[in-house]
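# Give me a model of this one.
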Amino acid sequence: MKSLTSLWSQVAQECATRCCTSATEDINTVLSRVEHEGLSFLTITLPDLGKSIQKCLDLGRVDNITSFRKDRDGELPRFLGGFLCRVFDRSSGLLLPEPDVEAILALRQLTLMFGKIALPCSKERERAAISRFVQCEHDVSSFDSEINESDIADFKRVARLLFSSTLSKVDSDVYYGRLLPKHGPGATADRLSSNQKYLSRYWTTRLEEIFPAREYLIPNESFYEALDRVDVVEPGSELPVRVISVPKTLKTPRIIAIEPSSMQFMQQAVYGSMIRHHERDRLLSRVIGFDDQTPNQRMAAEGSIGGSLATLDLSDASDRVSNQLVRALLSDHPHLLRAVDATRSRRADVPGYGVIRLSKFASMGSALCFPIEAYVFTTLIFLGIERSLNTPLSRKTIHSFSGSVRVFGDDLIVPVDHVHTIVQTLEHFGASVGLDKSFWTGRFRESCGRDYFMGSDVSIVRVRQAFPTRWQDVTEVISLVSLRNQFYLAGYWATCAWLDNRIRKVLKHFPDVEPTSPVLGRVSFLGYQAERTDPNLQSPLVKGWMLRTKPPSDKL
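Down below sits the predicted model:
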């Protein structure tokens, strides 16, 4: 904790120098509050302040900033006041006509820097996250019972305009058996190692009906004898997904669901066909992204300049996608619908709640979660646009919005002119729009990890791991070196010098290297300093630490 507060103090001093102000009182406040409140001040209280400041930028005035006393003579908090007064008017709290972008960057860096550090949550916070997971399930079930046939019909009609061609091709792949299954790298509910997945003999009757084991589970006819050992289980005996929590922030963990190996195996098959045909569709490839975040980031920058594009963020996005909506999405494609339904786990083993039946389509952990939720959200966006225009959409109209709508998972970019109806439509169909992370009023936008204000990139450097105490703390060492290099590329020279001294206490050898070097070293605009030359390759060499992984024994 002392190392993290020292880093905050160092960054604050450098930010103050860059903004021509003082951070002495701010540093004293942080030291005092960390002493009394602990690490949660850096990882929870400050990030909450940062989110409030972001919303103030969007609203154009200081509003609803708690946990910090206001200045006697105005509306601004006393804490970080030297930076805030360069962005907002001290007396009225209104956004200045020409706010200092450097001060905005400093405010975001100092408040959000530790917001996503990977530290384990308390048991109470972990139980609260699990409880929210179960509550989401109840919410989805309530949505299923309340949604009317007219809404479902509208959803189907818009989905047909968007995806009919692509999903018909995937449907054909399923019918003619042109799918290629594969195992993913992650854990499985049946707790198999990477190579043990290929020896799995667990199959379900739902899979067998659409994906016979003789065609998909074994590589060729010479393995037919292995089918005698396959255990084909009935729906009531299927393995449930295993719900676990993984570190996300100190405030709350991330809840994911680990799928059984056979489900994951065939989910990857359907996923591969969907992605292949999706990328060949000129419209969909422009509207929905699966592996490239840069279009979202570029459009967020455009939205911060012209104000015509809004960025929306969905809370618990995957956990709120109803399976009823997914069935409506695929209703015109019976073979694909059967395939997706066969690869969907229907039950989940939730810590503290036992095995529950799922109304949601899937949680994070399913290979089909990401593409299916993107298709659902895209449909709802265009349904919202249609309701805003008050006229039925056509394929031609949808094409006209291809430059102003973009979906990457739960990061959505939509036209500001229709944003209110889009938000209403998303929430009407069960989604939850995070208004504290959605922006459309002012000139601040964020999407896919990049943040912009009036076209200027105000993205920050985040601390991801605690500081290492010895070189054997491999994950922490790699993270600290990466942190140092990110600060260097962001122009925090004094902070880099401070971090260099800390790193050299852990790593004896810490040379200057190129960004592409496998050696853990200092990235520098001045280039590397070669210590010797390889006698065979004549390539420059430096002496430093390098990561080498040794996979565990896993015989197949």
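# what's the burial count for residue 433?
Counted by other CB atoms under 10 Å, the residues lying close to residue 433 total 20. Bear in mind the C-beta positions are built from the backbone N, C-alpha and C, glycine included.
# Next: the one 10 residues further on.
If you count neighbours by other CB under 10 Å, residue 443 ends up with 20.
# Repeat that for residue 207.
23.
# Please determine how far it is located from residue 230.
Taking CB to CB, to the nearest Å as the measure, residue 207 falls 11 Å from residue 230.
# what comes up buried for the helix or strand harbouring residue 244?
Taking DSSP states H and E as the criterion, residue 244 maps to strand 241-246. For strand 241-246, burial by neighbour count (16 or more other CB atoms under 10 Å) applies to 241-245.
# is it possible to export those to CSV including distance to residue 125 and pLDDT?
CSV is the format used below for the buried residues of strand 241-246 (distance: CB to CB, whole Å; pLDDT from 0 to 100):
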residue, distance to residue 125, pLDDT
241, 22, 95
242, 20, 95
243, 16, 95
244, 15, 93
245, 9, 90
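# Send me stretch 404-415 as CSV with only the CA atoms.
What follows is stretch 404-415, C-alpha atoms only, in CSV (Å, rounded to 0.1, in the frame of the first residue of the first chain):
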residue,chain,number,x,y,z
SER,A,404,-23.0,6.0,-37.1
VAL,A,405,-23.8,2.6,-35.4
ARG,A,406,-21.1,0.3,-34.1
VAL,A,407,-21.2,-2.6,-31.7
PHE,A,408,-18.3,-4.3,-30.0
GLY,A,409,-19.7,-6.5,-27.2
ASP,A,410,-21.4,-4.2,-24.7
ASP,A,411,-19.6,-1.1,-26.1
LEU,A,412,-22.2,0.6,-28.3
ILE,A,413,-21.9,3.7,-30.5
VAL,A,414,-25.2,5.2,-31.7
PRO,A,415,-26.4,8.4,-33.3
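# Begin at 133 from now on, thanks
From this message on, residue numbering opens at 133, which makes the last subject stretch 536-547.
# Show me what it is in contact with.
418-422, 425, 427-428, 431-432, 435, 440-446, 449-450, 502, 505-506, 509-510, 513-514, 516-517, 533, 554, 579-580 (CB atoms under 8 Å, 6 or more residues apart in numbering).
# same deal with stretch 629-648?
135, 139, 142, 599-603, 605, 609, 612-613, 615-617, 619, 651-656, 658-661, 663, 674-677.
# Restricted to strands, list these.
Using DSSP state E, 654-655 are the members of the contacts of stretch 629-648 that sit in strands.
# Put the buried members of the contacts of stretch 629-648 into a PyMOL selection.
Buried residues within the contacts of stretch 629-648, by 16+ other CB under 10 Å, are selected in PyMOL with:
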select buried, resi 139+142+599+600+605+609+612+613+615+616+617+619+651+652+653+654+655+656+660+674+676+677
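# Which of the contacts of stretch 629-648 fall within helices?
Counting by DSSP state H, the part of the contacts of stretch 629-648 found in helices is 135, 139, 142, 609, 612-613, 615-617, 619.
# which ones are touching the closest residue to residue 613 other than its chain neighbours?
Distances taken as CB to CB, 6 or more residues apart in numbering place residue 652 nearest to residue 613, at 4.8 Å, with adjacent residues excluded. Applying CB under 8 Å, 6+ apart, we find residue 652 in contact with 609-610, 613, 639, 642, 676-679.
# how many other residues sit next to residue 666?
10.
# which strands and helices sit next to the helix of greatest length in the chain?
Using DSSP H, we find that the single longest helix of the chain is helix 281-308. Helix 281-308 sits against helix 393-412, helix 414-419, helix 455-461, helix 466-474, helix 501-521, helix 527-532, with contacts defined as 3 or more CB pairs under 8 Å, 6 or more residues apart in numbering; DSSP states H and E.
# Go again with 10 Å.
helix 393-412, helix 414-419, helix 455-461, helix 466-474, helix 501-521, helix 527-532, helix 551-560 (3 or more CB pairs under 10 Å, 6 or more residues apart in numbering; DSSP states H and E).
# now it against helix 466-474, angle please.
Computed by axes from the mean of the first three to the mean of the last three CA atoms, to 10 degrees, the angle separating helix 281-308 from helix 466-474 equals 100 degrees.
# Buried by neighbour count: which residues of helix 281-308 qualify?
Neighbour counts over helix 281-308 (16+ other CB under 10 Å) mark 283-284, 286-288, 290-291, 293-295, 298-299, 301-303, 305-306 as buried.
# pLDDT of it, averaged?
Regarding helix 281-308, the rounded mean pLDDT is 96.
# Give me the mean pLDDT for the helix or strand following that helix.
The C-terminal neighbour of helix 281-308 among helices and strands, as given by DSSP H and E, is strand 334-336. Mean per-residue pLDDT for strand 334-336: 93.
# strands paired with strand 334-336, and their directions?
strand 363-365 (parallel) (DSSP bridges).
# and stretch 423-433, which residues are buried?
Under 16+ other CB under 10 Å, the buried positions of stretch 423-433 are 425, 427-433.
# now those residues in a markdown table, with distance to residue 590, pLDDT and secondary structure?
Formatted as a markdown table, the buried residues of stretch 423-433 follow (distance: CB to CB, whole Å; pLDDT from 0 to 100; DSSP: H, G, I helix; E, B strand; the rest coil):
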| residue | distance to residue 590 | pLDDT | secondary structure |
| --- | --- | --- | --- |
| 425 | 17 | 94 | coil |
| 427 | 20 | 95 | helix |
| 428 | 16 | 96 | helix |
| 429 | 13 | 96 | helix |
| 430 | 15 | 96 | helix |
| 431 | 16 | 96 | helix |
| 432 | 11 | 96 | helix |
| 433 | 11 | 96 | helix |
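# Between all of these, which two are separated the most?
Largest separation among the buried residues of stretch 423-433 by CB to CB: 425 and 433, giving 12.6 Å.
# residues shared between the contacts of these two?
Counting by CB atoms under 10 Å, 6 or more residues apart in numbering, the contacts common to residue 425 and residue 433 are 579, 582.
# Hmm, residue 237 and residue 576 touching each other?
No. With contact defined as CB atoms under 10 Å, residue 576 does not reach residue 237; the gap is 11.8 Å.
# picking up where we left off before, quick one: closest of the helices and strands packed on helix 281-308 to residue 266.
Comparing these under CB to CB, the one sitting nearest is helix 455-461, at 16.5 Å.
# so what secondary structure elements neighbour that closest one?
Right, helix 455-461 is packed against helix 255-278, helix 281-308, helix 466-474, helix 501-521 by 3+ CB pairs under 10 Å, 6+ apart.
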